[in-house]
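Asks: The sequence and its predicted three-dimensional model are supplied below.
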Amino acid sequence: MNQFIKLLLPAILFISIASCDSPDERRQITEEDAPAAAAPSPITILTTTNLIADAVRQVAGDVAEVSSLMGPGVDPHLYRATDRDRRRIMESDVVYYNGLHLEGRMSDILAKTGARKPVIAVAEKIDRTQIIYHDRVADPHVWFDVTLWKEVVSTISQDLQERFPIHAQRFINNEENYLGVLDTLDHWARTEIGSIPRQQRVMVTAHDAFNYFGRAYNIEVEGMQGLSTLSDLSLGEVTEIVRMLVEREIKAVFVESSVPQSTVEAVVVGARARGHDVQIGGELFSDALGEEGTPEGTYVGMVEHNVRTITEALK
């Protein structure tokens, strides 16, 4: 046998064997059969906030390693990326962030990284007619309306399906299951907030993060600071909030996990000086989830905590 035939023989045998298989004998390629090169193993996904990390984990399940730059109690309005953060961003397969200027001090690095790898602003995929604007500035706190957060979850799922099609069916199944959980959560939140007497349904918080919550669950919201925690409250604004609390006989105000309590405490002292005993109704999770491993360390647990705290304080 000459050298040319020797080289061709393995290929000829492979083609012959393959052609003998009947259609029934040919199996569909499954997730387990796929070559490792079809998707990185495991997929590494980085998010800015732990809110988004929780949503990605719900969809991706165990096929991805998901981590966030910001942990519990971190204010995303003020967060600056460190050198370590920059390395983590470059080492990940995909980066998801909120957008709508939530991560205002990371805008440059996210924009520059987006030219080199997938960097997706999940909240900016929401229909713009659903976004709340203040003086033409978009409110980034979309997670306080569970129905809008469902859109974010679907955006993440769709993006993962397109980038890693070998796992697409798993992403679809996880998304469907989680959206069902969020439907139940949304219905429960409406019922609970609706149980507060209408005249007492006024929620005063440290900063203006709860506008989507107010719109979705029919409760009036007053934020002491603006959309971002970058701005400080003036003496005149504190006086105006105290006046409102006294005149409307509001029972409670709320502190936030990622905003210093000093402003809220100043308002409480001011109201009491005018003879109105307003209470601090509890701590709400606003721009970050709680500690990992606690109920408030998940999106569902965070919403449940906030709704229970608001309801118990205002009823």
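Replies: Structure received.
Asks: Which secondary structure element is home to Ile172?
Replies: helix 168-194 (DSSP states H and E).
Asks: mean confidence for that helix?
Replies: Here helix 168-194 scores 98 as its mean pLDDT.
Asks: which helices and strands does it pack with?
Replies: Using 3 or more C-beta pairs under 8 Å, 6 or more residues apart in numbering; DSSP states H and E, the elements in contact with helix 168-194 are helix 50-60, helix 146-163, helix 211-217, helix 299-314. (Glycine included, C-beta is placed from N, CA and C.)
Asks: and those helices as CSV, adding mean neighbour count, distance to Ile250 and mean pLDDT?
Replies: Output for the helices and strands packed on helix 168-194, formatted as CSV (neighbours: other C-beta atoms under 10 Å; distance: least, C-beta to C-beta, whole Å; pLDDT from 0 to 100):
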stretch, mean neighbour count, distance to Ile250, mean pLDDT
helix 50-60, 25, 28, 98
helix 146-163, 20, 25, 98
helix 211-217, 21, 14, 97
helix 299-314, 20, 8, 97
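Asks: right, and those helices - which one's nearest Ser262?
Replies: helix 299-314 (19.8 Å; C-beta to C-beta).
Asks: quick one on the thing from earlier: off-centre distance for the following helix or strand past the helix holding Ile172?
Replies: Counting by DSSP H and E, the next helix or strand C-terminal to helix 168-194 is strand 202-207. Centre-to-centre, strand 202-207 and its host chain are 21 Å apart (C-alpha atoms, centre = their mean, to the nearest Å).
Asks: tell me the angle strand 202-207 makes with helix 168-194.
Replies: For strand 202-207 against helix 168-194, the angle by axes from the mean of the first three to the mean of the last three C-alpha atoms, to 10 degrees is 120 degrees.
Asks: Would you pull up how far the helix holding Ile172 lies from the middle of the chain?
Replies: Going by C-alpha atoms, centre = their mean, the spacing between the C-alpha centre of helix 168-194 and its chain's C-alpha centre is 14 Å.
Asks: Buried ones in that helix, by neighbour count?
Replies: Residues 168, 170-171, 174-175, 178-179, 182, 185-186, 189, 192-193 are the ones in helix 168-194 that count as buried (16 or more other C-beta atoms under 10 Å).
Asks: Export those residues as JSON lines, with columns for distance to Arg248.
Replies: Listed next are the buried residues of helix 168-194 as JSON lines, based on distance: C-beta to C-beta, whole Å:
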{"residue": "Ala168", "distance to Arg248": "52"}
{"residue": "Arg170", "distance to Arg248": "51"}
{"residue": "Phe171", "distance to Arg248": "47"}
{"residue": "Asn174", "distance to Arg248": "45"}
{"residue": "Glu175", "distance to Arg248": "42"}
{"residue": "Tyr178", "distance to Arg248": "39"}
{"residue": "Leu179", "distance to Arg248": "38"}
{"residue": "Leu182", "distance to Arg248": "33"}
{"residue": "Leu185", "distance to Arg248": "30"}
{"residue": "Asp186", "distance to Arg248": "28"}
{"residue": "Ala189", "distance to Arg248": "24"}
{"residue": "Glu192", "distance to Arg248": "22"}
{"residue": "Ile193", "distance to Arg248": "18"}
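Asks: Just want the angle from the helix holding Ile172 to helix 299-314.
Replies: Using the same axes, to 10 degrees: helix 168-194 against helix 299-314 is 0 degrees.
Asks: pLDDT weak spots in the stretch 1-150 of the chain?
Replies: 1-40 (pLDDT under 70).
Asks: where exactly do the helices run in it?
Replies: 3-20, 50-60, 83-91, 107-113, 146-163 (DSSP state H, counting those that start in this stretch).
Asks: and the ones you listed as TSV, adding distance to Arg201?
Replies: Listed next are these as TSV, based on distance: least, C-beta to C-beta, whole Å:
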stretch	distance to Arg201
helix 3-20	70
helix 50-60	25
helix 83-91	40
helix 107-113	36
helix 146-163	18
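Asks: For Val74, which of the ones you listed is the nearest?
Replies: helix 50-60 (8.2 Å).
Asks: So which elements touch the closest one?
Replies: Going by 3+ C-beta pairs under 8 Å, 6+ apart, helix 50-60 lies up against strand 43-47, strand 64-68, strand 94-97, helix 146-163, helix 168-194, helix 299-314.
Asks: chain center to that helix: distance?
Replies: Per C-alpha atoms, centre = their mean, the centroid offset for helix 50-60 relative to its chain is 7 Å.
Asks: now the angle between helix 299-314 and that helix, please.
Replies: Using the same axes, to 10 degrees: helix 50-60 against helix 299-314 is 130 degrees.
Asks: How about residues contacting helix 50-60?
Replies: 43, 45, 47, 64, 66-68, 70-72, 96-98, 122, 143, 149, 152-153, 156-157, 160, 167, 171, 174-175, 178, 288-289, 292, 297-299, 302 (C-beta atoms under 8 Å, 6 or more residues apart in numbering).
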